[in-house]
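> Below is the sequence, then the predicted model.
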Amino acid sequence: MEKKVRNGFYNLTVKGGGFIIPLVGHAYDVEMFKQAKKLEVGNPVKIRPEPANKHDPYALKVFINDRPIGYLPKMVAKAVMPVWDQLGIKVVGVKEYYDPKKGNTGLSVKMFAWFTGGGE
């Protein structure tokens, strides 16, 4: 069963006991963008709170091999903050594209998150 859920600016897809979420923030940091471009479908990723983030006190930063690649969307991070250490997350889609309005290359990354039932 698949269901679309509107959460802030993002449409989340609830599917098979979890939800699909986009990776955000990687377009604003050159190193994160470089790391995100290396992602492959099936890669597991980790998240960690970033309470000192001046833009979002609920920020959850996304890592692969201890290298930051972006963030969970703000509204998603706030919703899952109390149970962030109980989420399993893996990459389910990576697509590079050209944005003619901005005149540059972009990267769309989709991740699947599910509750593992226990903390890290």
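Arrived safely, thanks for sending. Residues are numbered from 1 along each chain as shown.
> who touches the most centrally placed residue in the chain in this structure?
Centroid-nearest residue in the chain: Leu23, 3.2 Å away (criterion: CA atoms, centre = their mean). Applying CB atoms under 8 Å, 6 or more residues apart in numbering, one finds that Leu23 lies in contact with Ala36, Val62, Ile69, Gly70, Tyr71, Leu72, Val109, Lys110, Met111. Glycine gets a C-beta too; all of them are placed from N, C-alpha and C.
> Helix, strand, or coil at the first one?
Right, Ala36. Put simply, Ala36 is helix when judged by DSSP: H, G, I helix; E, B strand; the rest coil.
> Any idea how many residues pack against it?
The tally of other residues near Ala36 (other CB atoms under 10 Å) stands at 25.
> Likewise for the last one?
Other residues within reach of Met111, judged by other CB under 10 Å, total 25.
> residue ranges for the helices of this structure, please.
For the chain, the helices defined by DSSP state H occupy 30-37, 74-80.
> Can you list the buried residues in the last one?
Meaning helix 74-80. Lys74, Met75, Val76, Ala77, Lys78, Val80 (16 or more other CB atoms under 10 Å).
> again, but for stretch 102-116
Residues of stretch 102-116 classed as buried by neighbour count (16+ other CB under 10 Å): Leu107, Val109, Met111, Phe112, Ala113.
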